[in-house]
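**Student:** my questions concern the predicted model and sequence given below.
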Amino acid sequence: MAVNAGFIYILTHPSDQYLIKVGMTTRSPKVRLKEHNTQFDKAAGEVVEATGQEWVLKEYFEVKDTYNAESAFFQRSPLTEIPGALGNELLKLDDKYITWEWVKEGLDAAKTIGIRKDTSQPPTPKPKPKKGAQWIEAQLEGTGLKPINGCGNGITKVAFECQKGHIFKISGRLLVNRPFCPACNPEKFDAYTLRRVEFC
Ligand SMILES: [Zn+2]
């Protein structure tokens, strides 16, 4: 992969102080900003369409090797460890892991990393957004079901709680397709699935 100079930019959104986007471009950040504000089929554009408010270019700076800088920013904990931490290409700040401090550290790394040593090799790409916990939680919004932490010792299935307080373990993706509590609405599930649900 060729070494291309470019920019790293940070966008903030007026609708949500915790929502940011960190991106890289080999073109102009302002041109890229315009795309983010008008491509409604992309994650950033969906926010614009939903809120009627545009992303704001908070900061940008030049880098010598755009892809290497991108890798330096994104190939970090917790993005590399939590599937779906990158959600849908946007970053949601929190008070624990994805803090402004964490963003600043990443930007410093991106600023200072320079050109990758072996330019015949592409840098490690950023972690792929996966349909992970954040996605599941977002999909379940408004259904009365919510993921909860801790329930027994299984790690393969996430636990959920319904509005009546039933706590159960089920595949998150399955629940997104059938957003019902298996205790309140067992008729919504097939017998095989019901047998595999664990109640806590
Ligand atoms: Zn229930």
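**Tutor:** Now that the structure is in, tell me what you want to look at. Residues are numbered from 1 along each chain as shown.
**Student:** return the residues of the protein in contact with the ion.
**Tutor:** Within the chain, the positions near the ion by C-beta under 5 Å from the ion are C162, K164, H166, C181, A183, C184. Bear in mind the C-beta positions are built from the backbone N, C-alpha and C, glycine included.
**Student:** okay if I get those as CSV plus pLDDT?
**Tutor:** Listed next are the residues of the chain next to the ion as CSV, based on pLDDT from 0 to 100:
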residue, pLDDT
C162, 96
K164, 96
H166, 96
C181, 96
A183, 96
C184, 97
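**Student:** show me the contacts for T25.
**Tutor:** Taking C-beta atoms under 8 Å, 6 or more residues apart in numbering, we find T25 in contact with G6, F7, Y9, V31, R32, T66.
**Student:** the fifth one - nearest residue in space that isn't next to it in sequence?
**Tutor:** Put plainly, it is R32. T25 (4.4 Å; C-beta to C-beta, 6 or more residues apart in numbering).
**Student:** G45 - how many residues pack around it?
**Tutor:** A count of nearby residues for G45, using other C-beta atoms under 10 Å, gives 17.
**Student:** drop anything exposed from the residues of the chain next to the ion.
**Tutor:** Neighbour counting with 16 or more other C-beta atoms under 10 Å marks C162, C181 as buried within the residues of the chain next to the ion.
**Student:** outline the domain layout of this structure.
**Tutor:** Listed by automatic domain parsing, the domain ranges of the chain are 6-112, 133-199.
**Student:** run through who's touching the helix or strand harbouring A50.
**Tutor:** Taking DSSP states H and E as the criterion, the element that holds A50 is helix 43-51. Contacts to helix 43-51, defined as C-beta under 8 Å, 6+ apart, come from residues 11, 13, 15, 19, 21, 36-40, 54-55, 87-90.
**Student:** list the buried residues in the longest helix seen in the chain.
**Tutor:** If you go by DSSP state H, the chain has its longest helix at helix 100-112. Using 16+ other C-beta under 10 Å as the test for burial, helix 100-112 gives W102, V103, G106, L107, A109, A110, K111.
**Student:** turn these into a markdown table, columns for pLDDT.
**Tutor:** A markdown table is the format used below for the buried residues of helix 100-112 (pLDDT from 0 to 100):
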| residue | pLDDT |
| --- | --- |
| W102 | 94 |
| V103 | 95 |
| G106 | 95 |
| L107 | 96 |
| A109 | 95 |
| A110 | 95 |
| K111 | 94 |
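**Student:** ok, which pair from these is furthest apart?
**Tutor:** Pairwise distances across the buried residues of helix 100-112 peak at 15.1 Å for W102 and K111 (criterion: C-beta to C-beta).
**Student:** before we move on, back to that, now the contacts of helix 43-51: which count as buried?
**Tutor:** L11, H13, L19, K21, H36, N37, E54, W55, G87, N88, L90.
**Student:** now, which of the residues you listed lie within strands?
**Tutor:** Using DSSP state E, the subset of the buried ones among the contacts of helix 43-51 located in strands is L11, H13, L19, K21.
**Student:** in three-state terms, label Y60 for me.
**Tutor:** strand (DSSP: H, G, I helix; E, B strand; the rest coil).
**Student:** show me what contacts the closest residue to it other than its chain neighbours?
**Tutor:** Nearest residue to Y60, sequence neighbours excluded (C-beta to C-beta, 6+ apart): Y9, at 3.8 Å. Y9 makes contact with V22, G23, M24, T25, P29, R32, L33, L57, K58, E59, Y60 under the criterion C-beta under 8 Å, 6+ apart.
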